[in-house]
Every structure is written in structure tokens, then in C-alpha cells.
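Peer 1: Have a look; sequence and predicted model below, questions after that.
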Amino acid sequence: MKLIDFKKGRRLQIILSFIAFSIGCSSKRSSDIFEYSDLPLVDSIEIKLPLEFLPNSKWQTFNDSFQNLLIDYGLDRNGDLLVLRLDFEKGEYLDPIHIPREGPDGFNAPDVFISYQGLDSIYVFPATSDRFFLYNSLGKRTGEYRYNSSSSTHFYMSGFYSDIFFSDGKMILPTINDTRYDDKSYFEKVIPFQKYDLTKQRFSDSIEYIKSLAGKFLPSNLTGGQVSNYDDVNALLNYPFSDSLYLYNYERKSMQSFYCGIETGHRTKFYDHVPDRAESIDYIAKEKNYEFSKMHNGKIYRLVSHLKNENARELPVLDIITQDLRGVTMIKLDPKNSSINYYKMPIARNFVFIGNQLIVGGISSREDENQDTFRTFYVYQMD
């Protein structure tokens with residue numbers, strides 16, 4: 001029986017992430033400003049991986065009145081898109097979905113993000129393409145949508161987690177254009193979120209960056225944002241560099257911001273110049289990264305990775321990686337009374353909310369004597 005160490009696997013993932021980036025509070029001192037609430041660990045479950053599975057993949061979740069799914073997806077060894085659906089209630093993966101890269105139904109791109117809206121409603125956003133597609137579960141293309149943007153705007157890909165705002169045919173996408181990253185007006189020329197009209201096949205309203213970013217720079221992989229549904233008319237906007245979240249009303253075109261962060265005694269750093277490779281890696285290792293946010297059962301949950309102890313900021317990046325000095329915190333915000341709770345999380349890839357439970361995992365795995373691979377998930381009881 002072969003057991004893969006949880007933390008070592010995550011450190012390897014972080015190192016691989018650093019390489020990709022360069023190419024394209026457990027201590028008393030760090031938790032003085034915010035305190036962790038208790039989050040009971042009630043169970044752990046093992047899920048057998050299908051014969052086809054992706055060691056490095058992107059993910060999202062899908063919930064309706066019938067299913068609660070973890071959607072794991074990425075390109076297989078042939079460059080085709082493989083979509084895996086894990087049904088936690090059944091404790092197993094459902095039949096895989098294959099979408100071809102080449103051919104009449106192909107998406108023809110080196111990378112993709114998707115939005116799974118149902119078995120026969122899978123939106124595929126190819127990298128750097130001027131269009132995106134709708135597929136069914138048989139891998140057949142059933143819709144094609146051009147961006148029709150004069151500034152070459154297209155879907156923005158960032159991180160391992162993906163989502164869009166989608167409600168009754170309304171869509172808000174994270175976007176980017178061809179503005180050079182070393183342009184001093186980058187945050188004024190690039191639009192991070194735009195509304196897309198599926199019927200007219202064009203962008204309509206734009207959601208601009210916060211004004212305080214004008215003239216500043218960040219590592220290129222952290223400049224974008226993520227969007228998810230708050231409710232049918234409000235989109236929840238998350239920037240990885242911001243302690244605030246933003247609520248955009250689709251119909252009124254109005255925006256409001258509210259605090260949903262962690263205080264560690266260190267103010268997030270911005271550059272007044274384009275960071276070089278070393279500066280970018282240093283930033284990724286030492287600064288907070290708000291990886292995603294989502295609404296569940298009337299509460300907002302936001303995941304942030306950060307240094308466990310601010311003293312580690314003085315250490316070399318390699319020491320931070322090898323000594324496992326970054327931690328993960330889940331923030332829970334109740335919009336009714338603005339109360340905030342903080343929960344200490346293990347280093348993990350997937351975070352799935354089902355009812356009053358949070359299922360966390362996706363890294364720790366083992367092989368049995370039959371060479372079947374099982375992935376471990378941990379079940380926490382939410383209040």
C-alpha cells in the first residue's frame with residue numbers, strides 16, 4: 001500500500017505553480033488580530049479515482065435540487081478536454097465527459113476554462129480565442145458565441161478555480177484584452193469583468209477595476225478576478241489582492257464593497273514598476289492570495305492563503321516552501337449582521353459545500369494492492 005504525504009504533495013504543487021507563474025494563522029503572533037473559530041472535523045472519506053483522471057486540474061462545483069458535484073477538468077494527454085464529475089452523495093465519479101480539441105466540434109486551443117451549468121449545458125472558454133462554445137455531454141458543440149470586441153477582449157483565466165455569473169441567460173465573465181502588462185495604464189485599459197449578451201453575442205456593460213489601482217503593478221497572474229453568483233441579480237466579485245469583496249447588481253448596474261479579509265499586521269504590497277521574475281515569486285510566496293469566494297446557505301465564504309507567521313516574511317522563498325510556512329484560512333461572512341468567523345483549513349485543492357457540511361481535499365491519496373488510487377476528503381461540520 002502506497003501512501004502519498006498530504007503536505008509534501010501540496011508543497012510540490014506550490015513549487016510547480018511557481019514555475020508556471022515565472023513562465024507566463026497557527027502561531028500566536030500571526031493570530032493576534034483575528035482568532036480562529038472551532039470547525040469540527042466529523043469524518044474523512046475516500047473516493048476511488050476513475051481510470052482517467054488528471055493529477056493537475058482546474059475545478060468548480062455544481063449544485064441543484066438533484067445533485068452536489070465537484071467538477072474536475074483539464075486537458076488529457078491528447079489535448080482533449082476531460083470533465084470529471086464527483087458525486088459525493090453517491091461517493092463515486094460519474095461517467096466522464098470528453099470534448100475534442102480538434103475536428104468540427106473542437107475548441108482548438110492549448111488550454112480552456114469551463115462553466116458547468118448542467119449535463120448538457122457546458123460552456124467552454126478556450127484560451128486567447130475570440131469566441132466560446134456550448135457543449136452537451138456527448139462532446140457535441142451546440143452553440144458558438146463570438147466576443148465581438150473591438151479591443152480583442154476575451155475570457156480571463158486565473159488560478160485553479162473557475163466560475164461565472166449565470167442566471168436566466170444573463171452572464172458576467174472575467175475578461176482581459178491585449179494591453180501589454182508593462183503598460184502604466186494597465187488597470188485603466190483592461191476591464192476585469194464584462195456582461196455578455198448571449199442573444200446579441202456581444203459584450204454590453206463593463207465593470208472596471210477599483211480606482212486605487214491606477215498606475216500600480218502586480219504579478220501578472222494575480223491581476224484578474226473571479227466572479228460567482230450571489231443571487232439571481234447580484235454577482236460576487238473577488239480580487240486575489242483585495243481584502244474587500246464587491247457586490248455588483250446586474251439590473252441596476254450598481255456596485256458596493258464590503259470588508260471580508262484577514263488582518264495580519266501587514267498591508268498588501270503593490271509595485272510602482274513591473275515586477276521582475278524574482279519579485280513576482282517573492283510576492284506569491286509572501287502576500288495574501290484570496291483564491292475564491294462563493295455564497296452558500298445565506299453566508300459568504302472566502303478562501304485565503306497567507307503566511308502562517310509574519311516573521312517568515314524575512315525568510316527566502318525556498319525556506320517558506322520547504323518549511324511549509326503558508327497556511328489557509330476560510331472566512332465566513334454573514335451579510336445580515338456583518339459578523340465574520342475565521343476557520344483554519346488544511347492545505348487542499350477542493351472546497352465543496354453540501355448542506356451544513358464542508359468537504360475539503362483533493363490532494364492526499366493512496367494506492368491499494370490492486371493499484372487502484374483513492375483520494376481522501378475531509379468533512380467539516382458547519383454551524
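Peer 2: Looks like it arrived, so ask away. Residues are numbered from 1 along each chain as shown.
Peer 1: got a list of what the spatially most central residue of the chain touches?
Peer 2: Centroid-nearest residue in the chain: Y161, 2.4 Å away (criterion: CA atoms, centre = their mean). Applying CB atoms under 8 Å, 6 or more residues apart in numbering to Y161 gives the contacts 58-60, 226, 291-292. For every residue, glycine as well, the C-beta is placed using N, CA and C.
Peer 1: roughly how far apart are it and L303?
Peer 2: Separation of Y161 from L303 (CB to CB, to the nearest Å): 9 Å.
Peer 1: and if you look at D243?
Peer 2: 14 Å.
Peer 1: Looking at the two, which has the bigger crowd around it?
Peer 2: L303 (21 against 18; other CB atoms under 10 Å).
Peer 1: surely that one meets F351?
Peer 2: Yes - counting by CB atoms under 8 Å, L303 does reach F351; the two are 6.2 Å apart.
Peer 1: between the two, what contacts are shared?
Peer 2: Counting by CB under 8 Å, 6+ apart, the residues touching both L303 and F351 are 330, 345.
Peer 1: With adjacent residues omitted, what lies nearest to T373?
Peer 2: Excluding the flanking residues, the one nearest T373 by CB to CB, 6 or more residues apart in numbering is L49, at 4.5 Å.
Peer 1: Can you report how many residues lie near the one you found?
Peer 2: Neighbour number of L49 under other CB under 10 Å is 19.
Peer 1: so it touches Q371, yeah?
Peer 2: No - between L49 and Q371 there is no contact under CB under 8 Å: 11.2 Å.
Peer 1: After the top strand by length along the chain, which helix or strand is next? Please name it.
Peer 2: Ranked by number of residues, the top strand in the chain under DSSP state E is strand 357-367. Downstream of strand 357-367, the next assigned helix or strand under DSSP states H and E is strand 373-381.
Peer 1: mind listing what's buried in that following strand?
Peer 2: 373, 375-380 (16 or more other CB atoms under 10 Å).
Peer 1: Now do it: distance to the chain's middle.
Peer 2: Distance of strand 373-381 from its chain centroid, counting by CA atoms, centre = their mean, to the nearest Å, is 19 Å.
Peer 1: Could I get the CA-only coordinates of it as PDB?
Peer 2: What follows is strand 373-381, C-alpha atoms only, in PDB (Å, rounded to 0.1, in the frame of the first residue of the first chain):
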ATOM      1  CA  THR A 373      -6.000   5.100  -6.500                       C
ATOM      2  CA  PHE A 374      -8.100   6.600  -3.700                       C
ATOM      3  CA  ARG A 375      -8.300  10.300  -2.900                       C
ATOM      4  CA  THR A 376      -9.100  11.500   0.600                       C
ATOM      5  CA  PHE A 377     -11.600  14.200   1.500                       C
ATOM      6  CA  TYR A 378     -12.300  15.600   5.000                       C
ATOM      7  CA  VAL A 379     -15.700  16.500   6.200                       C
ATOM      8  CA  TYR A 380     -16.300  19.500   8.500                       C
ATOM      9  CA  GLN A 381     -19.500  20.400  10.200                       C
END
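Peer 1: which outside residues touch that strand?
Peer 2: Residues contacting strand 373-381 (CB under 8 Å, 6+ apart): 6, 39-49, 53, 88, 343, 346, 348, 350, 356-368.
Peer 1: Selecting buried members of those in PyMOL, what would you type?
Peer 2: Command for PyMOL, covering only those of the contacts of strand 373-381 found buried under the criterion 16+ other CB under 10 Å:
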select buried, resi 6+39+46+47+49+53+88+343+346+348+350+358+359+360+361+362+363+364+365
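Peer 1: for the stretch 51-200 of the chain, what spans make up the helices?
Peer 2: Assigned helices in the stretch 51-200 of the chain, in chain order: 186-189 (criterion: DSSP state H, counting those that start in this stretch).
Peer 1: about what we covered before: now do the longest strand of the chain: distance to the chain's middle.
Peer 2: For strand 357-367, the distance to the chain centre is 17 Å (CA atoms, centre = their mean).
Peer 1: Not counting sequence-adjacent ones, nearest residue to L70?
Peer 2: Using CB to CB, 6+ apart, the closest residue to L70 is L86 (4.2 Å).
Peer 1: With Y271 instead?
Peer 2: That would be F217: by CB to CB, 6+ apart, it lies 4.2 Å from Y271.
Peer 1: OK, contacts around that neighbour?
Peer 2: 186, 270-275.
Peer 1: helices and strands around the longest strand of the chain, which ones?
Peer 2: strand 2-4, helix 6-23, strand 41-48, strand 350-354, strand 373-381 (3 or more CB pairs under 8 Å, 6 or more residues apart in numbering; DSSP states H and E).
Peer 1: Could you tell me the least trusted of the ones you listed?
Peer 2: Mean pLDDT is lowest for strand 2-4 among those, at a mean of 35.
Peer 1: what is the mean pLDDT for the strand or helix carrying I284?
Peer 2: Assessed by DSSP H and E, I284 sits inside helix 277-286. Helix 277-286 carries an average pLDDT of 95.
Peer 1: now for it, which elements pack on it?
Peer 2: Using 3+ CB pairs under 8 Å, 6+ apart, helix 277-286 sits against helix 6-23, helix 317-322.
Peer 1: And the strands in the stretch 51-200 of the chain?
Peer 2: For the stretch 51-200 of the chain, the strands defined by DSSP state E, counting those that start in this stretch cover 58-63, 68-75, 81-87, 92-93, 97-99, 112-116, 122-126, 131-135, 141-146, 154-155, 165-167, 170-176, 193-197.
Peer 1: would JSON lines of those with mean pLDDT and mean neighbour count be doable?
Peer 2: Converted to JSON lines, the strands of the stretch 51-200 of the chain look like this (pLDDT from 0 to 100; neighbours: other CB atoms under 10 Å):
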{"stretch": "strand 58-63", "mean pLDDT": "94", "mean neighbour count": "19"}
{"stretch": "strand 68-75", "mean pLDDT": "95", "mean neighbour count": "22"}
{"stretch": "strand 81-87", "mean pLDDT": "97", "mean neighbour count": "21"}
{"stretch": "strand 92-93", "mean pLDDT": "95", "mean neighbour count": "16"}
{"stretch": "strand 97-99", "mean pLDDT": "97", "mean neighbour count": "20"}
{"stretch": "strand 112-116", "mean pLDDT": "95", "mean neighbour count": "23"}
{"stretch": "strand 122-126", "mean pLDDT": "96", "mean neighbour count": "22"}
{"stretch": "strand 131-135", "mean pLDDT": "97", "mean neighbour count": "20"}
{"stretch": "strand 141-146", "mean pLDDT": "96", "mean neighbour count": "14"}
{"stretch": "strand 154-155", "mean pLDDT": "92", "mean neighbour count": "23"}
{"stretch": "strand 165-167", "mean pLDDT": "90", "mean neighbour count": "19"}
{"stretch": "strand 170-176", "mean pLDDT": "93", "mean neighbour count": "22"}
{"stretch": "strand 193-197", "mean pLDDT": "94", "mean neighbour count": "21"}
